[in-house]
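# just coords:
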């Protein structure tokens with residue numbers, strides 16, 4: 001059976017292995033130590049904060065009560081560190097660097113460096129710090145340092161994920 005879809009003009013098209021796949025992640029071999037890239041930027045909104053705090057149950061006055069946060073010395077609507085991390089991971093995934101090649105998130109260390117507020121614009125700088133073949137062939141273990149930076153290019157959070165990534169010789173498991 002041929003896989004068909006519809007083109008923007010409404011005519012049927014056949015899916016073809018010869019058509020270029022635009023969203024292909026990198027294999028671990030394509031992530032050498034020292035390789036770095038920057039993600040797109042994203043401004044954190046009040047709606048983002050309210051949605052995250054409500055969804056995640058972060059009912060801490062520090063995130064819900066501006067006057068309470070002000071009493072602690074903060075100068076705006078404070079963003080939880082977990083939300084900063086989630087935004088950064090989203091920005092990394094939107095680059096498609098792991099699209100179809102990421103196999104597992106294995107470990108992470110995280111440090112919050114300074115506050116992030118509603119209205120701040122964030123991006124991430126990703127640098128590979130270690131890449132090695134795993135004990136099982138066709139895959140590798142990649143460690144990176146991800147520096148989350150604000151609109152003034154100040155580091156606000158840093159984390160070091162360790163991921164299992166497909167290799168160029170990866171073979172899918174069969175039953």
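Ah, there it is. The structure presented is a predicted model; accordingly, all values stated were derived computationally and were not measured.

# wait, residue 122 touches residue 148, no?
Yes - between residue 122 and residue 148 there is a contact under C-beta atoms under 8 Å: 5.8 Å. C-beta: built from backbone N, CA, C; applies to glycine.

# what do these two both touch?
Residues touching both residue 122 and residue 148 (C-beta atoms under 8 Å, 6 or more residues apart in numbering) are 84, 87, 88, 156.

# show the average pLDDT along stretch 136-152.
When pLDDT is averaged along stretch 136-152, the result is 96.

# give the buried residues for that stretch.
138-150 (16 or more other C-beta atoms under 10 Å).

# so where do the strands sit in the chain?
Taking DSSP state E as the criterion, the chain carries its strands at 4-6, 12-14, 36-38, 42-43, 102-107, 110-112, 121-133, 139-149, 155-159, 162-166.

# what helices or strands is the shortest one leaning on?
It refers to strand 42-43. helix 81-94, strand 121-133 (3 or more C-beta pairs under 8 Å, 6 or more residues apart in numbering; DSSP states H and E).

# coming back round to it: could the strands of the chain be laid out in CSV, adding distance to residue 52?
Below are the strands of the chain laid out as CSV (distance: least, C-beta to C-beta, whole Å):
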stretch, distance to residue 52
strand 4-6, 35
strand 12-14, 39
strand 36-38, 24
strand 42-43, 13
strand 102-107, 20
strand 110-112, 15
strand 121-133, 14
strand 139-149, 15
strand 155-159, 15
strand 162-166, 23
